[in-house]
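Undergrad: Here is my input, please return the structure:
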Amino acid sequence: MIRKNLSMGRRHGWLPFALFVAALLLPLAGCDKRADALIEIGGPTMGTYYSVKIARPPASMTAETLKPDVEVVLDQVIAEISTYDETSELSRLNRNPSTDWIPISSNLYDVIAEGQRIALLTDGAFDITIGPLVNLWGFGPEQRPDALPSSEEIQVARARVGWQKLDVRATPPAVRKARADLYIDLSALGEGVGADRVSALLEARGVADYMIAVAGAIRAKGRNAKGQPWAIAIEEPMPDLRSVHRVIPVSDRALSTSGDYRNFFERDGKRYSHEIDPMTGAPVERNLGSVTVIGESGMVVDGLATALMVMGEARGQAFAEARGLAAFFIVREGETLRGFGTPAFQGYLDR
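TA: Alright, predicted model coming up:
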C-alpha cells in the first residue's frame, strides 16, 4: 500500500513531483495574460505541495484573501488524519488502547469508513491498518532503520495488520479495534481528502471553474481561462527524470496518480518502494510504475490508485475493467515505458 506523507513539511519525499506538476499545470492550463482571468495560489502542505487555480473568479475573490482560507482547510485535514502530528485526532486514536467503541469526529469517520469500503472492494489490497508495516520499513514518522526488517519482525507487524480487525459505526460515529495496538494509517487517502475539502470550500463560494492539486490528487471543475478543459499531465514514472507521458483534458472530475518512483530507498543495490503489500508485509516488486484513476471523489480515486498499484498491472487492469473504472497504467518494459488505459479511460486519451 502506498504511503503518502501527511507530515506538514517534516518530510518532502513528494515535493519535487508536486512542484513539477505545479509547473506543468501553468502552461497546460492555457491561461491568458489578463490579471483578472486567473487566480493562482500554492504552498507546502502534508509534506508536499498544493496548487489552486481559479478561472473567472468571483469579483470579490483575491489570491491574498483565498490563500489563508485554503490553508486553514488543509491544516484541518492534517489535524484530523496525520500520523506525523502527535496531537492529531488519528494519532490520539492510535494511542488509545481501548477495544470498546471509541467516539470519533464525523470527518474522521468519513475517511475511515471510505478506507474500509475500499478494503472490502479490493479484498484487502488497500488496508488502512497497514501502519505497523509502513513504520517497520521506514516509510512512516519513525526514523528509517539501518538494517532491513527480519522475517520475524515482519510477521510480528503483520499480526497487527488487517482491515477486518477494525469495526466502524456511523451513528454516533465511532470505531472499535480488535487489538489494542491496532494502528490506522490514512495517508493513502489524505491528498484526495485535501483536494475534496478545498473543492467544497470553493464551491461554497460560488467558484465554477477551478483546478486543485494536492501532490498527485487533483480536482478539476469547469474550464480554464481559455474556456477549455483543464489539461493535466501524467508524469513518466522515472526516478531521475521529469518528463510528461501523456496530457489529458479533465473537467468536473477528480484524478489521482500513485507511483513507486519518488519514495523509495536502496540497500545493496536493490530498490525498496513505499508500496507495501499487506499480504506479504514487504514492498511490492513489479514492473508497474504508476496508475492514474479518474472519478468523482478525490478521496476515492486516491485510494483506488493505491490499490491498483499494489495489485499490479495484470490483476489491477482486470479489477478496474470489471468495475468500469477509468484507470491508466504505465508499465516498465526494459528500457521503455508502455502506457495503456481501461475502456472507461479511453475517452480521455481520444480527446
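
Undergrad: I54 and G206 touch, don't they?
TA: No: using Cβ atoms under 8 Å, I54 is not in contact with G206; the gap is 10.8 Å. Glycine gets a C-beta too; all of them are placed from N, C-alpha and C.

Undergrad: higher neighbour count, these two?
TA: Neighbours were tallied for I54 and for G206 using other Cβ atoms under 10 Å; the higher tally belongs to I54 (26 against 10).

Undergrad: Can you classify that one by secondary structure?
TA: strand (DSSP: H, G, I helix; E, B strand; the rest coil).

Undergrad: Once you drop chain neighbours, what's closest to it?
TA: The spatially closest residue to I54, leaving aside those adjacent along the chain, is I39, at 4.3 Å (Cβ to Cβ, 6 or more residues apart in numbering).

Undergrad: Show the contacting residues for that neighbour.
TA: Residues in contact with I39, defined by Cβ atoms under 8 Å, 6 or more residues apart in numbering, are 52-54, 57, 61-63, 66.

Undergrad: Can you tell me which of those are classed as buried?
TA: The neighbour-count criterion (16 or more other Cβ atoms under 10 Å) marks 52-54, 57, 61, 66 among the contacts of I39 as buried.

Undergrad: farthest pair in the residues you listed?
TA: Taking Cβ to Cβ, the two most distant members of these are K53 and M61; they sit 12.6 Å apart.

Undergrad: May I have stretch 220-240 as CSV, with CA atoms only?
TA: Extracted as CSV, the C-alpha positions of stretch 220-240 are listed here (Å, rounded to 0.1, in the frame of the first residue of the first chain):
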residue,chain,number,x,y,z
ALA,A,220,-10.9,19.9,-11.7
LYS,A,221,-14.2,21.7,-12.5
GLY,A,222,-15.4,23.7,-15.4
ARG,A,223,-12.9,25.3,-17.8
ASN,A,224,-9.6,27.0,-17.7
ALA,A,225,-9.1,30.7,-18.6
LYS,A,226,-9.3,30.0,-22.3
GLY,A,227,-12.6,28.1,-21.9
GLN,A,228,-11.0,24.7,-22.5
PRO,A,229,-10.9,21.6,-20.1
TRP,A,230,-8.0,21.7,-17.7
ALA,A,231,-5.0,19.9,-19.2
ILE,A,232,-3.4,17.5,-16.7
ALA,A,233,0.0,15.9,-17.2
ILE,A,234,0.7,12.3,-16.3
GLU,A,235,4.3,12.0,-15.5
GLU,A,236,6.6,9.2,-16.7
PRO,A,237,7.5,7.0,-13.7
MET,A,238,11.2,7.6,-13.8
PRO,A,239,13.0,8.4,-10.6
ASP,A,240,15.7,10.6,-12.1
